[in-house]
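K.L.:
here is the input, now give the coordinates:
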Amino acid sequence: MKNIYLDCFSGISGNMFIGSFLDAGVPEEYLRQELQKLNLNNEYTLTIDKVDKQGLHAVYFNVNLINKSHSHRCLDNIKDIIKKSSLDPIVKKTALTVFTKLASAEAKVHDADINKIHFHEVGAVDAIIDIVGTAICMKYLDVKNIFVFNLHTGTGFVDCDHGKMPIPAPATAQLLQGFKIMTGTTAKELVTPTGAALIAALAQKQYLKQTDFSFNNIAYGAGTWDLDYPNVLRMYIENVTETPLEEDLLLIHVNIDDMNPQIFNYVSESLFTAGALDVWVTPIIMKKNRPAQMLCVLINKNICKTCCDIIFKETTTLGIRINHTTRVSLQRKTKLVSTVYGQVHCKISQYHGSVNNISAEYDDCYRLAKKKNVPLKEIQHEALRLAYYLIDNNK
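P.N.:
Okay, here's the model as predicted:
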């Protein structure tokens, strides 16, 4: 498990972020294979090169569009592409969280419905590959926390579909609320909307000085610009001891006795997309012995308003209770095993560095059971057998 610290002295974009991950050790072929699961291969090609930026070695990653006719997808289209893919569930969740952040910022700036926003400012295919690619790399390296400092946005104006806009662009500025930024003197757009969305959705907002952390490795992702200083994103990587994680969270409670229960599934999906850590519904008895449901949502503090907005908008409740709570959780990672029926993701939990439980991903086993017409439990048993074998043999 790792913490990463992003030194954004020359800004950040999606391709710079992925370039730094590749320089940090994510295999190029692994990233290409995972991205193929999006089924967009006929719309883009990838450029991955080792380059020199003012004397610094860095990895340059870029998405080259083949068919630009699909560049105006809306959020619902992009959600559909990601959800229908065979990507790891954690990768899907991370990518959907980032896209929701980006769409929310664009909707706020343009005073539009979040689901009507088209990603023409950044190019839908570019954004999908950059955001999903980042989620894939984070999963591969088992990234725990992301911290940001030296966040230089650049200055001047940038051309976009709405004309000239000040740097940082309006959506970028909206996303970077709460982060310490510096415009600097470089007359370029150093922080792109995609880069800002990745930071806003994934990084901690606490301010770091360059002396506030230790690290075990450094990687560099190259930007497109040729400047009079290295146009790179510098990533410091810290290995973290795998111990139980203690988090201060919020628990939202809502009692509902007058709503069609079919709606709970839609509400749960909306809350998970917004970044909820867990959502569950419990049968209860309210006043006058009336059967009801208690909706509970476990969240990080920074998405409280978003989740409350969803609950008030989508349910019939008139009030919400919010409690501070502490969660202690085991560290976990996912290993892909190849059974005779197909590939299954297995979730591995660890306690003080030792494996204490392995579970096979239900959705993978369900899909293979349907496809191969074999008992689901047989696929689960085979996946677990292989996972324990790989762990026991350090593979």
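K.L.:
contacts and neighbour counts: CA atoms only from here.
P.N.:
OK.
K.L.:
which strand or helix spans the nearest residue to residue 28 once chain neighbours are set aside?
P.N.:
Ranked by C-alpha to C-alpha, 6 or more residues apart in numbering and with sequence neighbours excluded, the top spatial neighbour of residue 28 is residue 22, at 6.7 Å. Residue 22 is located in helix 14-23, with elements delineated by DSSP states H and E.
K.L.:
what is the burial count for residue 86?
P.N.:
Residues lying near residue 86 (other C-alpha atoms under 10 Å) number 15.
K.L.:
so it: helix, strand or coil?
P.N.:
coil (DSSP: H, G, I helix; E, B strand; the rest coil).
K.L.:
now do the phi/psi pair for it.
P.N.:
Main-chain torsions, residue 86, degrees, to the nearest 10: phi -100, psi 20.
K.L.:
residue 370 now?
P.N.:
Dihedral pair for residue 370: phi -70, psi -40, per degrees, to the nearest 10.
K.L.:
can you pull up the bridge partners for the nearest residue to residue 215 once chain neighbours are set aside?
P.N.:
Take residue 215 and drop its neighbours on the chain: the residue closest to it by C-alpha to C-alpha, 6+ apart is residue 238, 4.2 Å away. For residue 238, the beta-bridge partners are residue 3 (DSSP bridges).
K.L.:
residue numbering should commence at 50 henceforth.
P.N.:
Understood, numbering begins at 50; the last thing we discussed is residue 287.
K.L.:
how close does residue 287 get to residue 253?
P.N.:
15 Å (C-alpha to C-alpha, to the nearest Å).
K.L.:
likewise for residue 367?
P.N.:
To residue 253, residue 367 is 32 Å away according to C-alpha to C-alpha.
K.L.:
any idea which residue sits dead centre in the chain?
P.N.:
The residue lying closest to the centre of the chain (C-alpha atoms, centre = their mean) is residue 143, at 2.4 Å.
K.L.:
so that one is in which element?
P.N.:
For residue 143, the host element (DSSP H and E) is helix 138-159.
K.L.:
what mean pLDDT does that helix get?
P.N.:
Helix 138-159 shows a mean pLDDT of 90.
K.L.:
go on, stretch 58-76?
P.N.:
Averaged over stretch 58-76, pLDDT sits at 96.
K.L.:
more neighbours, residue 367 and residue 253?
P.N.:
residue 253 (15 against 10).
K.L.:
dump the residue contacts of the residue nearest to the centre of the chain.
P.N.:
Shown in contact with residue 143 (C-alpha atoms under 8 Å, 6 or more residues apart in numbering): 181, 184.
K.L.:
how far away is it from residue 111?
P.N.:
For residue 143, the distance to residue 111 - C-alpha to C-alpha - is 21 Å.
K.L.:
cool, residue 330 as well?
P.N.:
43 Å.
K.L.:
who has more neighbours, those two?
P.N.:
Legend: neighbour count by other C-alpha under 10 Å for residue 330 and residue 111, higher for residue 111 (22 against 16).
K.L.:
pLDDT value on that one, please?
P.N.:
Reported pLDDT for residue 111: 96.
K.L.:
residue 291 too?
P.N.:
So residue 291 comes in at 63 (pLDDT).
K.L.:
ok, now residue 285?
P.N.:
Reported pLDDT for residue 285: 96.
K.L.:
and if you look at residue 96?
P.N.:
pLDDT, read off for residue 96, is 96.
K.L.:
report the separation between the residue lying farthest from the centre of the chain and residue 306.
P.N.:
Residue distances from the centre of the chain (C-alpha atoms, centre = their mean) peak at residue 337, which lies 44.2 Å from the mean C-alpha position. Per C-alpha to C-alpha, residue 337 is found 11 Å from residue 306.
K.L.:
residue 431 too?
P.N.:
The value you get for residue 431 to residue 306, if C-alpha to C-alpha is used, is 43 Å.
K.L.:
repeat that for residue 267.
P.N.:
Distance from residue 267 to residue 306, counting by C-alpha to C-alpha: 54 Å.
K.L.:
one more: residue 347?
P.N.:
For residue 347, the distance to residue 306 - C-alpha to C-alpha - is 21 Å.
K.L.:
try residue 59
P.N.:
If you go by C-alpha to C-alpha, the gap between residue 59 and residue 306 works out to 54 Å.
K.L.:
what about these two, which has more around it?
P.N.:
Just comparing residue 59 and residue 306: by other C-alpha under 10 Å the higher neighbour count belongs to residue 59, 27 against 18.
K.L.:
before we move on, the earlier item: contacting residues around the helix holding residue 71?
P.N.:
Helix 63-72 has contacts (C-alpha under 8 Å, 6+ apart) with 77, 97, 107-112, 176, 179-180, 182-183, 186, 241, 243-244, 247, 268-272, 281-284.
K.L.:
show me how the chain divides into domains.
P.N.:
The chain breaks down by automatic domain parsing into domains covering 51-288, 294-378, 380-441.
K.L.:
end to end, how far does the shortest one reach?
P.N.:
Right, domain 380-441. Its start and end residues considered, domain 380-441 measures 18 Å (C-alpha to C-alpha).
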